[in-house]
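Enquirer: Have a look at this fold, sequence not included:
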């Protein structure tokens, strides 16, 4: 019983250290990631509740960037809130296993459960601005998403479903059309960065 109680007391700090360490050990790809990693680590050290939406200033989120085997198309959803095609993902809501969150969000938003993560490591990090908005009748103040991204590979003939509560469409977009399909200008450099990094580090 003493050993069991000791395990429960120590397990949470250890798990917290693991996800924090993943972000700390991440090697930035460009200047944006250098600066965003610094900002992210500052927020993590300053706040105890960044894993939850209870923190109104900043909190952790996870995104999925799903590509086909030929590296020509990206699976995206048309998000009703942003009126734009975008990657899929969501809040971690206390889950310290970020890869698990990525898989769960992908399944919920697209119906895809067979996509394979090309790495269990974080592939991209970014601090994203979220403007104030109303969601489910509740006003949400402007805040920051401390975001980590995972890259998945998936067959283009996979069956897709739409999470109608959040999205109106799910589909494959050619990587050369990302800029024209995305109506969030601040996201375009992020997508371009990820595509460039995929071509450089995950070439077939």
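Expert: The structure has been received and is ready for your questions. These numbers come from a predicted model, not from an experiment. Numbers count the residues shown, from 1 in each chain.
Enquirer: nearest residue to the residue most central in space within the chain other than its sequence neighbours?
Expert: Compute the mean C-alpha point of the chain, and by C-alpha atoms, centre = their mean the closest residue is residue 63, 1.7 Å away. Leaving aside its chain neighbours, residue 63 sits nearest to residue 89 (3.5 Å; criterion: C-beta to C-beta, 6 or more residues apart in numbering). Where you see a C-beta, it was placed from the backbone N, CA and C, and this is true even at glycine.
Enquirer: Help me confirm that the one you found comes into contact with residue 99.
Expert: No. The criterion here is C-beta atoms under 8 Å, and residue 89 misses it with residue 99 at 11.9 Å.
Enquirer: So which of the two has more stuff around it?
Expert: Between residue 89 and residue 99, counting by other C-beta atoms under 10 Å, residue 89 is the more crowded of the two (23 against 18).
Enquirer: Okay, and that one sits in which element?
Expert: strand 88-91 (DSSP states H and E).
Enquirer: Low-confidence bits of the protein, can you list those?
Expert: 1-17, 203-204 (pLDDT under 70).
Enquirer: One more pass at 80, please.
Expert: 1-17, 202-204 (pLDDT under 80).
Enquirer: can you pull out the helices in it?
Expert: Ranges of helices in the chain, per DSSP state H, are 2-25, 31-46, 98-110, 178-181, 188-201.
Enquirer: of all those helices, which lies closest to residue 163?
Expert: Closest of the helices of the chain to residue 163 is helix 98-110, at 4.8 Å (criterion: C-beta to C-beta).
Enquirer: Quick one: list the elements packing against the closest one.
Expert: Under the contact definition 3 or more C-beta pairs under 8 Å, 6 or more residues apart in numbering; DSSP states H and E, helix 98-110 sits against strand 58-67, strand 73-79, strand 88-91, strand 116-117, strand 143-153, strand 167-174.
Enquirer: re earlier: so what are the sheet partners of the strand holding residue 89 and their directions?
Expert: Neighbouring strands of strand 88-91 in its sheet, by DSSP bridges, are strand 58-67 (antiparallel).
Enquirer: And the strand it pairs with, how far out from the chain middle?
Expert: The chain centroid and the centroid of strand 58-67 are separated by 0 Å, computed with C-alpha atoms, centre = their mean, to the nearest Å.
Enquirer: same deal with stretch 46-66?
Expert: With C-alpha atoms, centre = their mean, you get 10 Å for stretch 46-66.
Enquirer: Could I get the contacting residues of residue 163?
Expert: With contact set as C-beta atoms under 8 Å, 6 or more residues apart in numbering, residue 163 has these partners: 77, 108, 109, 110.
Enquirer: Need the max-distance pair from those residues.
Expert: Pairwise over the contacts of residue 163, using C-beta to C-beta, the maximum falls at 77 and 108, 10.4 Å.
Enquirer: Which one's more surrounded, those two?
Expert: A direct count of neighbours by other C-beta under 10 Å for residue 77 and residue 108 places residue 77 higher, at 23 against 15.
Enquirer: which residue packs closest to that one, ignoring adjacent ones?
Expert: Residue 77 sits nearest to residue 167 (C-beta to C-beta, 6+ apart), 4.2 Å away.
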